[in-house]
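Peer 1: fold the following and give me the result.
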Amino acid sequence: MSKKILITGATGFIGSFLVEKALEKNFEVHVAIRKSSSKQYLQDKKIIFHYLDFSSKEILKKELQEIKSQVEKFDVIIHNAGVTKAKNVKEYDTVNNIYTRNFLDTLLEIDFKPNLFIFTSSLAAFGCGKPGTTEPVMLHHEPKPVNLYGKSKLDAEKYLQSLEDFPYLIFRPTGVYGPREKDYYVFFKTINNHIEAYIGFQKQYLTFIYVKDYVNLVFKAIESNVRNKAYFVADGQYYDSETFSKITKKVLNKKTIKIKVPVSVVKGIAFLLENISKPFGKYPTLNKEKVYILEANNWICETEQLKTDFDFEAEYDLEKGVIETIEWYKKEKWL
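Peer 2: Numbers count the residues shown, from 1 in each chain. I've put the predicted structure just below:
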(Lines give C-alpha, C1' and ligand atoms only; values in the text may rest on other atoms or scores of the structure.)
Protein backbone atom coordinates (compact mmCIF):
# COMPACT_ATOMS: atom_id res chain seq x y z
CA MET A 1 0.00 0.00 0.00
CA SER A 2 1.32 3.46 -0.93
CA LYS A 3 2.53 5.76 1.79
CA LYS A 4 0.42 8.89 2.21
CA ILE A 5 1.94 12.37 2.02
CA LEU A 6 0.39 15.82 2.47
CA ILE A 7 2.19 18.80 0.94
CA THR A 8 1.17 22.36 1.76
CA GLY A 9 2.17 25.25 -0.48
CA ALA A 10 2.00 22.78 -3.34
CA THR A 11 1.15 25.31 -6.04
CA GLY A 12 4.34 27.27 -5.42
CA PHE A 13 7.79 26.92 -6.96
CA ILE A 14 9.31 24.41 -4.51
CA GLY A 15 5.98 22.80 -3.66
CA SER A 16 5.21 21.80 -7.24
CA PHE A 17 8.57 20.00 -7.50
CA LEU A 18 7.92 18.24 -4.18
CA VAL A 19 4.61 16.99 -5.58
CA GLU A 20 6.28 15.68 -8.75
CA LYS A 21 8.90 13.79 -6.73
CA ALA A 22 6.26 12.32 -4.40
CA LEU A 23 4.33 11.03 -7.41
CA GLU A 24 7.55 9.62 -8.87
CA LYS A 25 8.16 7.85 -5.53
CA ASN A 26 4.64 6.34 -5.69
CA PHE A 27 3.24 8.14 -2.66
CA GLU A 28 -0.48 8.71 -2.39
CA VAL A 29 -0.17 12.46 -2.85
CA HIS A 30 -2.46 14.91 -1.06
CA VAL A 31 -1.96 18.63 -1.47
CA ALA A 32 -3.31 21.53 0.56
CA ILE A 33 -4.02 24.63 -1.49
CA ARG A 34 -6.15 27.76 -1.46
CA LYS A 35 -9.28 27.79 -3.62
CA SER A 36 -7.83 30.75 -5.51
CA SER A 37 -4.53 28.98 -6.26
CA SER A 38 -3.46 28.05 -9.77
CA LYS A 39 -3.11 24.33 -10.51
CA GLN A 40 -0.84 25.01 -13.49
CA TYR A 41 1.89 22.61 -12.31
CA LEU A 42 -0.46 20.15 -10.57
CA GLN A 43 -2.15 18.46 -13.51
CA ASP A 44 -1.60 14.81 -12.59
CA LYS A 45 -4.96 13.12 -12.04
CA LYS A 46 -3.57 11.11 -9.11
CA ILE A 47 -3.20 14.26 -6.96
CA ILE A 48 -5.82 14.57 -4.23
CA PHE A 49 -6.70 18.20 -3.46
CA HIS A 50 -7.70 19.66 -0.11
CA TYR A 51 -8.57 23.26 0.69
CA LEU A 52 -7.26 24.27 4.10
CA ASP A 53 -7.79 27.58 5.90
CA PHE A 54 -4.82 28.01 8.24
CA SER A 55 -6.12 31.38 9.46
CA SER A 56 -8.89 29.88 11.61
CA LYS A 57 -8.33 27.01 14.01
CA GLU A 58 -12.06 26.35 14.12
CA ILE A 59 -12.38 26.02 10.35
CA LEU A 60 -9.06 24.18 10.06
CA LYS A 61 -10.21 21.64 12.66
CA LYS A 62 -13.30 20.79 10.61
CA GLU A 63 -11.29 20.56 7.40
CA LEU A 64 -8.62 18.31 8.92
CA GLN A 65 -11.22 16.11 10.61
CA GLU A 66 -12.83 15.58 7.21
CA ILE A 67 -9.44 14.57 5.76
CA LYS A 68 -8.78 12.30 8.76
CA SER A 69 -12.05 10.46 8.12
CA GLN A 70 -10.71 9.57 4.68
CA VAL A 71 -6.99 9.11 5.28
CA GLU A 72 -6.71 8.05 8.94
CA LYS A 73 -3.01 9.05 9.10
CA PHE A 74 -0.32 10.66 6.96
CA ASP A 75 3.10 9.07 6.84
CA VAL A 76 4.60 12.46 5.98
CA ILE A 77 3.46 16.07 6.05
CA ILE A 78 5.67 18.62 4.31
CA HIS A 79 4.69 22.09 5.47
CA ASN A 80 5.98 24.19 2.62
CA ALA A 81 3.35 26.94 2.69
CA GLY A 82 4.48 30.45 3.52
CA VAL A 83 5.24 33.88 2.13
CA THR A 84 8.57 35.39 1.11
CA LYS A 85 6.84 38.62 0.07
CA ALA A 86 4.01 40.18 2.04
CA LYS A 87 1.47 42.97 1.57
CA ASN A 88 2.43 44.39 4.96
CA VAL A 89 4.97 43.63 7.70
CA LYS A 90 2.44 41.76 9.88
CA GLU A 91 1.75 39.23 7.17
CA TYR A 92 5.17 37.58 7.55
CA ASP A 93 4.43 36.61 11.16
CA THR A 94 0.78 35.79 10.45
CA VAL A 95 1.39 33.40 7.55
CA ASN A 96 4.80 31.92 8.36
CA ASN A 97 4.49 31.67 12.12
CA ILE A 98 0.88 31.89 13.36
CA TYR A 99 -0.57 29.75 10.56
CA THR A 100 2.12 27.12 11.19
CA ARG A 101 1.22 27.11 14.91
CA ASN A 102 -2.47 26.77 14.04
CA PHE A 103 -1.66 23.78 11.83
CA LEU A 104 0.49 22.06 14.46
CA ASP A 105 -1.98 22.73 17.29
CA THR A 106 -4.88 21.35 15.27
CA LEU A 107 -3.00 18.22 14.21
CA LEU A 108 -2.34 17.49 17.87
CA GLU A 109 -5.83 18.41 19.04
CA ILE A 110 -7.53 15.93 16.71
CA ASP A 111 -4.82 13.26 17.12
CA PHE A 112 -3.73 13.53 13.50
CA LYS A 113 0.02 13.62 14.06
CA PRO A 114 2.04 12.29 11.08
CA ASN A 115 4.97 9.90 11.32
CA LEU A 116 7.14 12.79 10.12
CA PHE A 117 6.54 16.53 9.81
CA ILE A 118 8.99 18.40 7.57
CA PHE A 119 9.11 22.16 7.89
CA THR A 120 10.56 24.28 5.10
CA SER A 121 12.29 27.13 6.88
CA SER A 122 15.11 29.30 5.52
CA LEU A 123 18.73 30.27 6.11
CA ALA A 124 17.19 33.70 6.74
CA ALA A 125 15.93 32.31 10.06
CA PHE A 126 19.54 32.29 11.29
CA GLY A 127 20.75 35.30 9.36
CA CYS A 128 24.09 35.80 7.68
CA GLY A 129 27.66 34.89 8.55
CA LYS A 130 30.26 37.27 9.97
CA PRO A 131 30.38 40.34 7.69
CA GLY A 132 33.49 40.82 5.57
CA THR A 133 34.58 37.19 5.97
CA THR A 134 33.86 33.78 4.48
CA GLU A 135 33.17 32.25 7.89
CA PRO A 136 29.98 30.18 7.55
CA VAL A 137 26.91 30.29 9.73
CA MET A 138 27.12 27.19 11.92
CA LEU A 139 24.27 25.12 13.35
CA HIS A 140 25.39 25.92 16.89
CA HIS A 141 25.39 29.68 16.32
CA GLU A 142 22.77 31.91 17.90
CA PRO A 143 20.13 32.82 15.30
CA LYS A 144 20.19 36.48 14.25
CA PRO A 145 17.65 36.98 11.45
CA VAL A 146 18.16 40.20 9.51
CA ASN A 147 14.55 40.71 8.41
CA LEU A 148 10.96 39.97 9.42
CA TYR A 149 10.70 37.04 7.02
CA GLY A 150 13.62 35.33 8.78
CA LYS A 151 12.22 36.12 12.22
CA SER A 152 8.83 34.66 11.32
CA LYS A 153 10.47 31.42 10.16
CA LEU A 154 12.60 31.25 13.30
CA ASP A 155 9.57 31.74 15.56
CA ALA A 156 7.76 28.90 13.78
CA GLU A 157 10.85 26.68 14.15
CA LYS A 158 11.03 27.34 17.88
CA TYR A 159 7.38 26.44 18.35
CA LEU A 160 7.78 23.20 16.41
CA GLN A 161 10.86 22.30 18.44
CA SER A 162 8.99 22.96 21.69
CA LEU A 163 6.40 20.24 21.05
CA GLU A 164 6.83 17.00 22.97
CA ASP A 165 6.95 13.68 21.14
CA PHE A 166 6.44 15.27 17.75
CA PRO A 167 8.63 13.84 14.94
CA TYR A 168 9.98 16.66 12.79
CA LEU A 169 12.82 17.75 10.53
CA ILE A 170 13.60 21.38 9.74
CA PHE A 171 15.36 22.39 6.53
CA ARG A 172 16.74 25.89 6.10
CA PRO A 173 17.56 26.23 2.40
CA THR A 174 19.65 29.10 1.14
CA GLY A 175 18.76 30.65 -2.24
CA VAL A 176 16.61 28.09 -4.07
CA TYR A 177 16.53 28.57 -7.83
CA GLY A 178 15.35 26.66 -10.86
CA PRO A 179 12.52 26.45 -13.42
CA ARG A 180 9.27 28.23 -12.39
CA GLU A 181 11.07 30.47 -9.86
CA LYS A 182 10.20 34.17 -10.17
CA ASP A 183 12.61 36.14 -7.95
CA TYR A 184 15.93 35.00 -9.42
CA TYR A 185 14.16 35.23 -12.76
CA VAL A 186 14.26 39.03 -12.33
CA PHE A 187 18.06 38.78 -12.07
CA PHE A 188 18.31 36.61 -15.19
CA LYS A 189 16.01 38.96 -17.06
CA THR A 190 18.15 41.95 -16.07
CA ILE A 191 21.32 40.25 -17.35
CA ASN A 192 19.43 39.31 -20.52
CA ASN A 193 18.75 43.04 -20.95
CA HIS A 194 22.51 43.75 -20.71
CA ILE A 195 22.39 45.22 -17.19
CA GLU A 196 24.59 43.84 -14.38
CA ALA A 197 23.54 45.56 -11.16
CA TYR A 198 25.10 45.33 -7.70
CA ILE A 199 23.97 46.75 -4.39
CA GLY A 200 26.79 48.45 -2.50
CA PHE A 201 30.49 48.25 -3.18
CA GLN A 202 31.47 45.23 -1.05
CA LYS A 203 31.81 41.75 -2.47
CA GLN A 204 28.85 39.57 -1.50
CA TYR A 205 29.29 35.83 -0.87
CA LEU A 206 26.29 33.74 -1.83
CA THR A 207 25.13 30.14 -1.52
CA PHE A 208 22.53 28.33 -3.61
CA ILE A 209 20.63 25.09 -3.91
CA TYR A 210 19.03 23.96 -7.14
CA VAL A 211 15.38 23.06 -6.62
CA LYS A 212 15.79 19.43 -7.76
CA ASP A 213 18.68 18.95 -5.32
CA TYR A 214 16.58 20.36 -2.49
CA VAL A 215 13.70 18.03 -3.33
CA ASN A 216 16.04 15.03 -3.54
CA LEU A 217 17.35 15.86 -0.07
CA VAL A 218 13.84 16.03 1.36
CA PHE A 219 13.00 12.56 0.07
CA LYS A 220 16.32 11.14 1.26
CA ALA A 221 15.36 12.47 4.69
CA ILE A 222 11.91 10.88 4.49
CA GLU A 223 13.55 7.51 3.83
CA SER A 224 15.96 7.95 6.76
CA ASN A 225 15.44 7.36 10.47
CA VAL A 226 16.74 10.81 11.42
CA ARG A 227 14.28 12.88 13.42
CA ASN A 228 14.07 16.08 15.43
CA LYS A 229 17.02 17.88 13.87
CA ALA A 230 17.49 21.04 11.79
CA TYR A 231 19.84 21.70 8.86
CA PHE A 232 21.08 24.42 6.56
CA VAL A 233 20.77 23.41 2.91
CA ALA A 234 23.13 24.55 0.12
CA ASP A 235 25.08 22.89 -2.67
CA GLY A 236 28.26 22.84 -0.54
CA GLN A 237 29.98 25.66 -2.43
CA TYR A 238 29.93 29.43 -2.18
CA TYR A 239 30.13 32.02 -4.90
CA ASP A 240 30.69 35.74 -4.99
CA SER A 241 28.01 37.83 -6.67
CA GLU A 242 30.23 38.62 -9.66
CA THR A 243 30.71 34.88 -10.30
CA PHE A 244 26.92 34.44 -10.36
CA SER A 245 26.71 37.22 -12.95
CA LYS A 246 29.63 35.81 -14.95
CA ILE A 247 28.00 32.37 -15.17
CA THR A 248 24.67 33.88 -16.19
CA LYS A 249 26.28 36.08 -18.88
CA LYS A 250 28.10 33.05 -20.25
CA VAL A 251 24.95 30.94 -20.42
CA LEU A 252 22.90 33.76 -21.97
CA ASN A 253 25.82 34.84 -24.19
CA LYS A 254 25.30 38.46 -23.18
CA LYS A 255 27.57 41.42 -22.58
CA THR A 256 26.49 43.82 -19.84
CA ILE A 257 26.94 47.25 -18.41
CA LYS A 258 27.99 47.06 -14.74
CA ILE A 259 26.14 49.31 -12.34
CA LYS A 260 26.94 49.58 -8.63
CA VAL A 261 24.22 51.29 -6.62
CA PRO A 262 24.83 52.55 -3.06
CA VAL A 263 22.78 50.71 -0.43
CA SER A 264 21.21 54.00 0.69
CA VAL A 265 19.86 54.62 -2.83
CA VAL A 266 18.42 51.08 -3.09
CA LYS A 267 16.69 51.49 0.28
CA GLY A 268 15.17 54.73 -0.96
CA ILE A 269 13.93 53.06 -4.15
CA ALA A 270 12.50 50.14 -2.17
CA PHE A 271 10.68 52.54 0.15
CA LEU A 272 9.27 54.41 -2.85
CA LEU A 273 8.16 51.23 -4.64
CA GLU A 274 6.42 49.94 -1.52
CA ASN A 275 4.44 53.15 -1.13
CA ILE A 276 3.50 53.25 -4.81
CA SER A 277 2.36 49.60 -4.71
CA LYS A 278 0.48 49.75 -1.41
CA PRO A 279 -2.80 51.29 -2.74
CA PHE A 280 -3.00 48.45 -5.28
CA GLY A 281 -2.55 45.74 -2.62
CA LYS A 282 0.76 44.63 -4.14
CA TYR A 283 4.25 44.19 -2.74
CA PRO A 284 7.18 44.90 -5.09
CA THR A 285 9.99 42.42 -5.71
CA LEU A 286 12.42 45.08 -4.49
CA ASN A 287 11.27 45.96 -0.97
CA LYS A 288 12.88 46.94 2.33
CA GLU A 289 12.84 43.37 3.62
CA LYS A 290 14.59 42.20 0.46
CA VAL A 291 17.22 44.93 0.79
CA TYR A 292 18.18 43.65 4.25
CA ILE A 293 19.02 40.33 2.57
CA LEU A 294 20.79 41.89 -0.41
CA GLU A 295 23.04 44.16 1.67
CA ALA A 296 24.30 41.33 3.91
CA ASN A 297 27.57 40.17 2.35
CA ASN A 298 28.07 36.67 3.76
CA TRP A 299 25.44 33.99 3.15
CA ILE A 300 27.74 31.00 3.59
CA CYS A 301 26.48 28.15 5.78
CA GLU A 302 27.72 24.77 6.96
CA THR A 303 26.29 21.75 5.13
CA GLU A 304 28.49 18.85 6.26
CA GLN A 305 25.73 17.33 8.41
CA LEU A 306 23.64 16.69 5.28
CA LYS A 307 26.30 14.27 4.04
CA THR A 308 26.65 12.63 7.45
CA ASP A 309 22.95 12.12 8.12
CA PHE A 310 21.49 11.65 4.63
CA ASP A 311 24.48 10.87 2.39
CA PHE A 312 23.47 13.96 0.43
CA GLU A 313 25.63 15.59 -2.22
CA ALA A 314 24.26 18.15 -4.64
CA GLU A 315 24.17 17.00 -8.26
CA TYR A 316 24.05 20.58 -9.52
CA ASP A 317 26.70 23.24 -9.09
CA LEU A 318 25.64 26.78 -9.95
CA GLU A 319 26.63 26.66 -13.63
CA LYS A 320 24.81 23.39 -14.32
CA GLY A 321 21.72 24.66 -12.49
CA VAL A 322 21.72 28.02 -14.27
CA ILE A 323 22.03 26.30 -17.66
CA GLU A 324 19.00 24.09 -16.98
CA THR A 325 17.01 26.98 -15.49
CA ILE A 326 17.64 29.34 -18.40
CA GLU A 327 16.81 26.59 -20.89
CA TRP A 328 13.42 26.31 -19.18
CA TYR A 329 12.85 30.09 -19.15
CA LYS A 330 13.61 30.19 -22.88
CA LYS A 331 11.40 27.20 -23.64
CA GLU A 332 8.52 28.84 -21.76
CA LYS A 333 9.32 32.17 -23.45
CA TRP A 334 10.06 33.92 -20.15
CA LEU A 335 13.36 35.00 -21.71
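Peer 1: in which helix or strand would I find Q70?
Peer 2: Take DSSP states H and E as the rule and Q70 turns out to sit in helix 57-71.
Peer 1: now that helix: buried residues?
Peer 2: For helix 57-71, burial by neighbour count (16 or more other CB atoms under 10 Å) applies to L60, K61, E63, L64, I67, V71. Glycine gets a C-beta too; all of them are placed from N, C-alpha and C.
Peer 1: which residues touch the third one?
Peer 2: Residues in contact with E63, defined by CB atoms under 8 Å, 6 or more residues apart in numbering, are H50, Y51, L52, D53.
Peer 1: which SSE is immediately downstream of the helix holding Q70?
Peer 2: Past helix 57-71, heading to the C-terminal end, the next element that is a helix or strand (DSSP H and E) is strand 76-79.
Peer 1: redo the buried residues of helix 57-71 as TSV? Include distance to K260 and pLDDT.
Peer 2: Supplementary listing: the buried residues of helix 57-71 in TSV, determined by distance: CB to CB, whole Å; pLDDT from 0 to 100:
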residue	distance to K260	pLDDT
L60	48	97
K61	53	98
E63	50	97
L64	51	98
I67	52	97
V71	54	95
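Peer 1: which regions of the protein sit below the pLDDT cut-off?
Peer 2: Under the criterion of pLDDT under 70, none of the chain is flagged as low confidence.
Peer 1: just the ones in strands from the contacts of E63, please.
Peer 2: In strands, defined here by DSSP state E, the members of these are H50, Y51.
Peer 1: in PyMOL, how would I select just the buried ones from the contacts of E63?
Peer 2: Applied in PyMOL, the following selects the buried portion of the contacts of E63 according to 16+ other CB under 10 Å:
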select buried, resi 50+52+53
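Peer 1: farthest-apart pair in the contacts of E63, please.
Peer 2: Checked with CB to CB, the contacts of E63 reach their widest spread between H50 and D53, with 10.7 Å between them.
Peer 1: please, where are all the strands along the stretch 201-335 of the chain?
Peer 2: If DSSP state E, counting those that start in this stretch is used as the criterion, the strands of the stretch 201-335 of the chain fall at 205-206, 208-210, 229-233, 239-240, 257-261.
Peer 1: cool, the stretch 1-150 of the chain as well?
Peer 2: The residue ranges that make up the strands of the stretch 1-150 of the chain, judged by DSSP E, counting those that start in this stretch, are 4-8, 28-33, 48-51, 76-79, 116-120.
Peer 1: so what strands line up beside the first one?
Peer 2: Using DSSP bridges, strand 4-8 pairs in its sheet with strand 28-33 (parallel), strand 76-79 (parallel).
Peer 1: K4 is in contact with A22, isn't it?
Peer 2: No - contact status for K4 versus A22: not in contact, 10.0 Å apart, counting by CB atoms under 8 Å.
Peer 1: for those two, indicate the residue with more neighbours.
Peer 2: A22 (29 against 20; other CB atoms under 10 Å).
Peer 1: one step back: taking the strands of the stretch 201-335 of the chain together, which one is wrapped up most tightly?
Peer 2: Relative to the other members of the strands of the stretch 201-335 of the chain, strand 208-210 carries the highest mean neighbour count by mean count of other CB atoms under 10 Å, namely a mean of 25.
Peer 1: show me what it is packed against.
Peer 2: In this structure, strand 208-210 packs against strand 175-177, helix 318-331, with contacts taken as 3 or more CB pairs under 8 Å, 6 or more residues apart in numbering; DSSP states H and E.
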